[in-house]
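Enquirer: let's see this in three dimensions:
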Amino acid sequence: MSSDILLKPEPLARVRARKKRREADVKRRVRAACVERDGYCRWPAGLDPPCDGPSEWAHIGDKRRAKTIGQDPNVRHTLEGTMMLCKCHHGLIDEGLFEVHFRTDVGAQGPVLFYRRERKTA
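Expert: Okay, the predicted model is just below:
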């Protein structure tokens, strides 16, 4: 008879709070390492337009936040897939006006190239 007793599941709010705390720890650690590596903005000096706005943590390529929803925080937030960019340059990449190419298999940990995308004409 006692083996038929079902335990109540853990409250969903508690599960979500634990998940949020765990992700916050990973984000804090990876972002701090990105700031140390990249400084204010990883954009190459001399490439127009010049830096403008606050520094932002940018997820690049396959690590874009929309593509990694639901994944483990250690997979979602990595040094290889993120970099610090000013608001202006982060916007240019998000809008698709520039592409980021990683020169090695270590992603943003290695050399990075920024290419202006060509506009498609109809």
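Enquirer: does Glu23 really touch Asn74, like I thought?
Expert: No: if you go by CB atoms under 8 Å, Glu23 and Asn74 don't touch, sitting 9.5 Å apart. C-beta: built from backbone N, CA, C; applies to glycine.
Enquirer: neighbour count winner among these two?
Expert: More crowded of Glu23 and Asn74, by other CB atoms under 10 Å: Glu23, with 15 against 12.
Enquirer: now the more buried one, nearest residue through space, not along the chain?
Expert: Pro73 (4.2 Å; CB to CB, 6 or more residues apart in numbering).
Enquirer: list the contacts of that neighbour.
Expert: 22-23, 26-27 (CB atoms under 8 Å, 6 or more residues apart in numbering).
Enquirer: remind me, longest helix of this structure?
Expert: helix 12-38 (DSSP state H).
Enquirer: what packs against that helix?
Expert: strand 55-59, helix 73-76, strand 82-86 (3 or more CB pairs under 8 Å, 6 or more residues apart in numbering; DSSP states H and E).
Enquirer: related to what we said a few turns ago, and the residue nearest to Glu23, how far is that from Ile93?
Expert: 22 Å (CB to CB, to the nearest Å).
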